[in-house]
Structure formats: C-alpha cells, structure tokens
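Visitor: Give me a 3D structure for the following:
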Amino acid sequence: MRRFPPALLAIASIALAFLAIGSQATHSARAQSIQADAVIWDFDRDYPGAQPNDSLLPIHAVYVKTHDGTDWMSTWDTNPAAVSGPDSIRRLLDIYNPQGIDVAAWFVPYGTDVQGQLSMAEQVIDAGVAALYVDVEPFYGFCDNDCAFLAENFWRQLRAARPTARLGVIYDPRTWYWNTSATATWLSVADVAIPMCYWETFAGQTPWDDPAGCVEQARFDLNTLAPGRPLDYAPMLQGDSTPQRFLQALDGASISGASHVSVWRRGVVPADVWSAIGNYPGPATESCWVTLRDGCLIREASDLAVYLIEGGARFRIPDQATAAAMGLDWNAAQVVPNGFVATVPLTPVDGTLLSQQGAPPIYVVYGGAQFALESAQPLGPLGLDASNVRRVPEGGMAQISLLPSDYSRFRELTSTEQWMVVGGKRLALPDQQVLSALVEAGLAKPAPFIVPDGGMSRIPLVAIKRGDVSCDGTLDSMDALLLLQYLAKLPNTGACVPLAGNVDCNARLDATDVLLILRQTADLPVELPPSCPLIGSAVGAQ
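Guide: Residues are numbered from 1 along each chain as shown. Predicted coordinates for the structure are as follows:
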C-alpha cells in the first residue's frame, strides 16, 4: 500500500484520499531555542518517517523540492502530492500553513536553458512559497560544469525579476568545491546561506566531519564567500545521525548566530533525534571565543598552536609547560574555525592592564601602544585598578607597539598640557579652540588618556607647519585640496586642518586660506597681517 504525506486534505482533482491529520494539533514541542525546518525530497521516501504527523514534529517549515532544471518534481516522484506546477504548490500551502508550518521550495538547476529555468523559478515564487532555495553542487545530475554559467545568467536574472523574493543557496561548504560551484556568485544576490553540514558523510575530512566544527567553519567562511553581505545563516544538518552529534551541531548553529536550521531529510531522521531537537535548550556552556573573553584558550581545527585571549587580543602560548606555569589548562583550548586566529588582533583594547609571566612591570594599553607603569606607581590616580591586571606569556608585550596610533590624545598625570600623536610623533595641542575642532571632527577623543609623568617622553616631538593640513611635513597643492574638501564638508583625512589651516590668523577656515596656501606653494607673494606667523612656520611646541 502506498504511503502518502500526513496532514494532506482530500484532493479531488487527484481523486485519491490522503491520510488526514487534524490541523488543530498543537505544536507544543516547538518551543526549542532554535527553529528547525524539515527537508522533503520525495514524498514517498520522506513520509511517514519516524512520525507521520507533521504537527507533532518540532518543525516550523518544510522545504519541498519542486523541480530539477525545467522538469517538475512529479516527473520522478509519483506521489500525488509531488509538485507538478503552481496549482499543486498552492494545494501544499493550503495543507501545511493551517498547521503553522511554512512552505519553502528548493530545486536543482542544471543545463543551459536559462529562460526555461527562469520561468520555472518565477512560477514557484509566484505560487506563494515563503522562500526559494537553489541546490548548487558541481556534480553530475546537478549544475555540474554549468554552475558558474547559471549563477551569472540565470540566478542574477531571477533576482532582478523578483527583487523582493527570499532566495537562498544550498551549497557544499568544503573549500575545494567553492570555485567549481561558483558558490560566491550564487551567494552574492541571495538572502540565505544554507551550507550542507553532513558530518557523517564527510567522515575523515576535518573540520567538516565534526558537527559543531562544520557549522562554525561554514559560518566563518562567509566572511570570504560573501564579504559584507548580511546573510541569514541557516545550515542544513544531517538528520541521519545520533542525538548527541545532532545536539553538537545545534550548539554550533546557536553559537554562529543561526536562528534556524534545516534537517536533511524528514524521512531518515530517527525519533530520538526529533526528540532532541524538540527539547533543545540552547548551548550548555558559553563559547568564550565568540566574545573573546579574557582567559579564553583557543586553537584552530587544523593547527595545534594554542593562544590566550586577553583584552580582545591573542597571545601565543609557546608550549604546554608555559600554560601550566600560568595556571592554564592546555587541553581546554576551544577549537575555532580555520582562519579565525588571524582575525583576532595582536593589540588589546585601550585600557587593558597586562603583566608578563614572572616579570614586572605592569603595562597599560592606550592608543594601541604599551605604557609601562613603575612598580611603585599607584594606579588609583590613573583611574586604573590593579585587580584587572591580566597575565600574558613572557615576551608577550613585544607584539604591542611602543608608538600610539595617529590622533591618540594624551596628558601626563600632573600636567595640564595635552598632546596628540601624528605620524608617530607628539604634537602639543596649542589651545582649546583647536582641541574642540578636533573633537568635533571625530579626530580626538573627548577626554585624553592619562599616563604616568614622563610617559610621553619616549615619543619624539613634531612641529606641524602652518598650512601643512595633511601633516606630511611638506606644503603642496594636496594641502589646498584637503582644505577645500573640509570647507565643502566632504570626507577627508586632513587631521591637521584645524591645526594648520588657518594661515591668515582670522580665527576661521575659509577660501582665503586655500588661496594663500596655493600662492605659497607656487612661490607667489603672500600677504599676511603683521602679527600672523609666516606660512610654513611651526605650529605648537618645538
């Protein structure tokens, strides 16, 4: 006897009676912290599965396969529910939607009939599905050698034709298939990234054979595949697995910011896996590498090197003995996606207090640079708390610069004089008016970093020349151009505009200053008020 999908209404046009399950059944099991969607490939193969009643499964949506290329799914699936056109899709919506289950469609593109596949996809979208997902795989029976062609000539046209449709890409996340699948091109106009994390199928292929590792790596790799695109992340997980391994994948999905996952596929998911999905409470423990929490130990899946996170920066732990001496558990290092370590800065955030293992003094990081504090220096007057000192391996401070980043603003503890760093040198800020202009322009913090007396002495002095609004030490036409940009309220990097741009001493920046700078650079006569310093003379301390 043929088994048909549960919860289907009688379809007179097919003249067959489907097994009806009351649509009033409640989804009490659907309170889990991450949404699950069931993938349907072939109705005969995916029903009844471990549970014939959809309303008793912890699912919020089904992904129904609608077509391959230009052939409706009914070409291969003889079940009366198989999609044979827009009308059959609408019938499925009438069945699933009353149960609180959305219907998304998925399909396999192949061949070179762009217009035929475009017409099919448009019909599916216009039938009212919640989303349309394309299954992109560089193998026979899929897009094969035509993946790149279809991504450029079909997928982009579909996006242009249906700009508001929710489009997603189902793809193999293993890096060696990115080029042949043209994965980045497909994702470039999509809304949803759906990597296939089939850890059982990918056995022996690290990190893809690890449930959480695959999900986390695929999420991290979107930085390369779809840089800057705010894609919804919804990995497709292998349903034919154990509850323990599936929960590991759910943890990885939660950590990676996924709001939902899909399960490949409805007909092969064991009952205990469905139960695990329905009762999933969220990750049991927080992954410290996600927030770069102090004291976190990390290593990449394909590398044994261990790093300590302090102040949002990474410090290499040279060996297990060093970790033990620092009271750290080398074996507790959390495995992170390959390539992740390089994204963690070498410089801690400003205000971080550090000391090297077994070697005073204490250092504070300001403006991306280290400042040593004398052992007898009380930290309270500097606004620092000794209880916040973090310990790093011996030699760890060598990775932190001695020179602050440009435009960092400082004063020493017992001095009222303020300094700004420009080009690795310190410039005395001449007056409050200039300082206020810099703060307003976003080139200085509202308050300076306070360092111990003598802390600025290691940074050499610089003398900015009047008219040198680019701070490069020379007067040229670029200075005039930057000042014009400033006056036109266009973006510019002339940080010294308010410091050096007012060359006629009239307390304002205007076109006259631009003209005077141009005349100076052209060796033409320049007339200034008697008390106004010459263009090219120093601004600030010598």
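Visitor: Would you quantify the distance from Leu225 to Ser181?
Guide: Computed with CB to CB, to the nearest Å, the distance linking Leu225 and Ser181 is 10 Å. Every residue, glycine included, has its C-beta placed from N, CA and C.
Visitor: Check Pro195 too.
Guide: Taken as CB to CB, the span from Pro195 to Ser181 is 11 Å.
Visitor: Which one of the two is surrounded by more residues?
Guide: Pro195 (26 against 23; other CB atoms under 10 Å).
Visitor: isn't that one right up against Glu216?
Guide: No - using CB atoms under 8 Å, Pro195 is not in contact with Glu216, being 10.7 Å away.
Visitor: Now do the strands in the stretch 151-300 of the chain.
Guide: 167-171, 192-197, 232-233, 236-238, 260-264, 296-300 (DSSP state E, counting those that start in this stretch).
Visitor: Give me the residues contacting stretch 199-215.
Guide: The contact list for stretch 199-215 (CB atoms under 8 Å, 6 or more residues apart in numbering) reads 173-174, 195, 197, 216-217, 235, 237-238, 240-241, 245-246, 248-249, 251-253, 255-256, 258, 301-302, 335, 337-338.
Visitor: Filter these down to the buried ones, PyMOL style.
Guide: Restricted to buried positions by 16 or more other CB atoms under 10 Å, the PyMOL selection for the contacts of stretch 199-215 reads:
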select buried, resi 173+174+195+197+216+217+235+237+238+240+241+245+246+248+249+251+252+253+255+256+258+301+335+337+338
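Visitor: how far away is the closest residue to Gly455 other than its chain neighbours from Phe449?
Guide: Closest residue to Gly455 apart from its sequence neighbours, by CB to CB, 6 or more residues apart in numbering: Phe371 at 5.2 Å. As judged by CB to CB, Phe371 and Phe449 stand 8 Å apart.
Visitor: And for Ala522?
Guide: Taken as CB to CB, the span from Ala522 to Phe449 is 41 Å.
Visitor: Mind checking which of the two has more residues around it?
Guide: Per other CB under 10 Å, whichever of Ala522 and Phe449 has more neighbours is Phe449, with 22 against 9.
Visitor: OK, contacts around the more buried one?
Guide: Contacts of Phe449 by CB under 8 Å, 6+ apart are 350, 366-367, 408-411.
Visitor: Is it bridged to anything, and to what?
Guide: Taking DSSP bridges as the rule, Phe449 bridges to Phe410.
Visitor: what's the answer for Ala313, then?
Guide: Going by DSSP bridges, Ala313 forms beta bridges with Glu310.
Visitor: looking at the protein, which helix or strand is least sure?
Guide: helix 432-440 (a mean of 70; mean pLDDT, DSSP states H and E).
Visitor: which non-adjacent residue is nearest Pro281?
Guide: Per CB to CB, 6+ apart, closest to Pro281 is Ser33, 6.2 Å.
Visitor: Pull the number of nearby residues for that neighbour.
Guide: Counted with other CB under 10 Å, the neighbours of Ser33 add up to 11.
Visitor: does it belong to a helix or a strand, and which?
Guide: Using DSSP states H and E, Ser33 sits within no helix or strand.
Visitor: Surely it and Gly282 touch.
Guide: Yes - taking contacts as CB under 8 Å, Ser33 lies within contact range of Gly282: 4.2 Å.
Visitor: Quick check: neighbours shared by the two?
Guide: By CB under 8 Å, 6+ apart, Ser33 and Gly282 have these common neighbours: Ser254.
Visitor: and the closest residue to Leu57 other than its chain neighbours, what is it in contact with?
Guide: Excluding its sequence neighbours, the residue lying closest to Leu57 (CB to CB, 6+ apart) is Gln51, at 5.4 Å. Residues near Gln51 by CB under 8 Å, 6+ apart: 57, 271, 274.
Visitor: so is Gln51 in a helix, a strand, or just coil?
Guide: Here Gln51 is recorded as coil under DSSP: H, G, I helix; E, B strand; the rest coil.
Visitor: In which helix or strand does the residue nearest to Leu484 when sequence neighbours are not counted reside?
Guide: Spatial nearest neighbour of Leu484, chain neighbours left out: Val514 (5.6 Å); criterion: CB to CB, 6+ apart. Assigned by DSSP H and E, Val514 belongs to helix 511-521.
Visitor: just Val469 next, same as before
Guide: Counting by DSSP H and E, Val469 is part of no helix or strand.
Visitor: correct me, but it touches Leu509?
Guide: No - applying CB under 8 Å as the test, Val469 and Leu509 come out as separate, 9.2 Å apart.
Visitor: Give me the more crowded residue out of these two.
Guide: Legend: neighbour count by other CB under 10 Å for Val469 and Leu509, higher for Val469 (32 against 19).
Visitor: residue contacts, the more buried one?
Guide: Val469 makes contact with 479, 482-483, 486, 494, 496-497, 499-501, 517, according to CB under 8 Å, 6+ apart.
Visitor: so which one among those has the lowest pLDDT?
Guide: Among those, Gly494 carries the lowest pLDDT, at 60.
Visitor: ok, so what distance separates Pro52 from Gln35?
Guide: Where Gln35 is concerned, Pro52 sits at a distance of 22 Å (CB to CB).
Visitor: For Gln370, grab phi and psi.
Guide: Note on Gln370: its backbone torsions stand at phi -90, psi 140 [degrees, to the nearest 10].
Visitor: Nearest residue to the middle of this structure?
Guide: By CA atoms, centre = their mean, the chain has its centre lying nearest to Asn223, at 6.1 Å.
Visitor: which ones are touching that one?
Guide: Per CB under 8 Å, 6+ apart, neighbours of Asn223: Thr343.
Visitor: quick one: it from Ala253, how far?
Guide: Using CB to CB, one obtains 17 Å as the distance from Asn223 to Ala253.
Visitor: again, but for Arg391
Guide: 34 Å.
Visitor: Okay, now the unreliable bits of the stretch 1-150 of the chain?
Guide: 1-32 (pLDDT under 70).
Visitor: the helices in it, which residues?
Guide: 43-46, 86-96, 114-126, 147-150 (DSSP state H, counting those that start in this stretch).
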